[in-house]
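Undergrad: Here is the input, now give the coordinates:
(one chain, ligands or ions: 1)
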Amino acid sequence: MNLLDGKATAAQMKQEIAQSVLEIKNSGKRTPHLAAILVGNDGASETYVNSKEKDCHEVGMSSTVLRFPETITEAELLQEVVKINNNKDIDGLIVQLPLPKHINEQKIIETINPDKDVDGFHPLNVGHMVTGLPTYVSATPDGIMELLARYKVETAGKHCVVIGRSNIVGRPMSNLLSQKANPGDCTVTICHSRTKDLKAFCLQADIIIAALGKAEFLTADMVREGAVVVDVGITRVPAQNKSGFKLLGDVKFDEVAPKCSYITPVPGGVGPMTRVSLLKNTLKAARGLR
Ligand code: GUN
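TA: I've put the predicted structure just below:
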């Protein structure tokens, strides 16, 4: 069993990105700059945005976090997005999701300038991704593809089962893995909550991407010998430690790992790769290379 070590790979990539940022600054150009909008007081969203800010500073990028109360109206938030669209000092913008119920998320996403949409959520960027055109690929699928590439995991002709059909992970993942590329060239099956006999599909898989958001869902009896398993899950469960919680993946790691050729751990697998992909997209934005 080989560990797909996202923590170490992301650390390596951060060094590469920091070097590129330095080169941009040394050439006299403006420092790459990511803006994040955070609405309300959701604990997990707050943690994610703080991490993104810390990551930017680690690689020498600028970051601005704009915090707004839960009570902000949709019209006001749209105005804030437009202000950032028009701000020439900002390269990339993310609006942390979920947003309060009275705000139409899709309307906000579609208002972000596609050139600054480093989350890759704008339909124009999704369309580019689906057709294999240059774009910002959303951070989690991009991070997984990068991890597979750097570990030279063989994907061509393999049967990949993606569990989960979210717009952020499952569907882009299934699309990328089916593209004529390396990594890619997979035969992809996308499974979800209405799939009948999920276990039978999993047992046929060379590669499993578990992205359904159910702690320790994938057990050893669902995985065949030699499979590659990528665990996208991060469920917080209460624990007797300093933070009061621990993170569990969608995979029952201890029993699944011995059967795998490659597997990602949680934490330290997909999570750090997701974070570094956002930096990669911000660098692309600064270079004007969507
Ligand atoms: N909420 C959960 N994941 C993400 C993400 O990748 N981007 C944004 N903007 N919000 C999220």
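
Undergrad: Could you pull up the contacting residues of the nearest residue to L99 once chain neighbours are set aside?
TA: Excluding the flanking residues, the one nearest L99 by C-beta to C-beta, 6 or more residues apart in numbering is E105, at 5.2 Å. The way it works is simple: take the backbone N, C-alpha and C, and place the C-beta from them, glycine included. Contact analysis of E105 by C-beta atoms under 8 Å, 6 or more residues apart in numbering lists 97-99.

Undergrad: same check, this time on V223
TA: 202-203, 205, 208, 229, 256, 259-260.

Undergrad: Tell me, how many residues neighbour the closest residue to the ligand within the chain?
TA: Minimum separation of the chain from the ligand (C-beta to the nearest ligand atom) falls at L97, amounting to 3.7 Å. Neighbours of L97 under the rule other C-beta atoms under 10 Å: 15.

Undergrad: re earlier: okay, and which of the contacts of V223 map to strands?
TA: Mapping the contacts of V223 onto strands (DSSP state E) picks out 208, 229.

Undergrad: how about the contacts of V223, which pair is most distant?
TA: L203 and C260 (13.8 Å; C-beta to C-beta).

Undergrad: The ligand contacts on this structure?
TA: Residues of the chain lying near the ligand by C-beta under 6 Å from any ligand atom: 94-97, 119, 139, 168.

Undergrad: and the nearest residue to L133 once chain neighbours are set aside, what element?
TA: Excluding its sequence neighbours, the residue lying closest to L133 (C-beta to C-beta, 6+ apart) is G127, at 8.0 Å. Assessed by DSSP states H and E, G127 sits inside helix 123-130.

Undergrad: so what does that helix touch, helix or strand wise?
TA: helix 170-178 (3 or more C-beta pairs under 8 Å, 6 or more residues apart in numbering; DSSP states H and E).

Undergrad: Partner strands of the helix or strand following the helix it packs on, with direction?
TA: For helix 170-178, the following helix or strand on the C-terminal side (DSSP H and E) is strand 187-191. In its sheet, strand 187-191 lies beside strand 159-163 (parallel), with partners assigned from DSSP bridges.

Undergrad: same question for the strand it pairs with, mean pLDDT?
TA: Averaged across strand 159-163, pLDDT comes to 98.

Undergrad: Can you point out the buried residues in it?
TA: 160-163 (16 or more other C-beta atoms under 10 Å).

Undergrad: Same check on stretch 71-89?
TA: Buried, per 16+ other C-beta under 10 Å, within stretch 71-89: 72, 77, 80-81, 84-85.

Undergrad: One more: stretch 7-18?
TA: Neighbour counts using 16+ other C-beta under 10 Å place 9-10, 13-14, 17 of stretch 7-18 among the buried residues.
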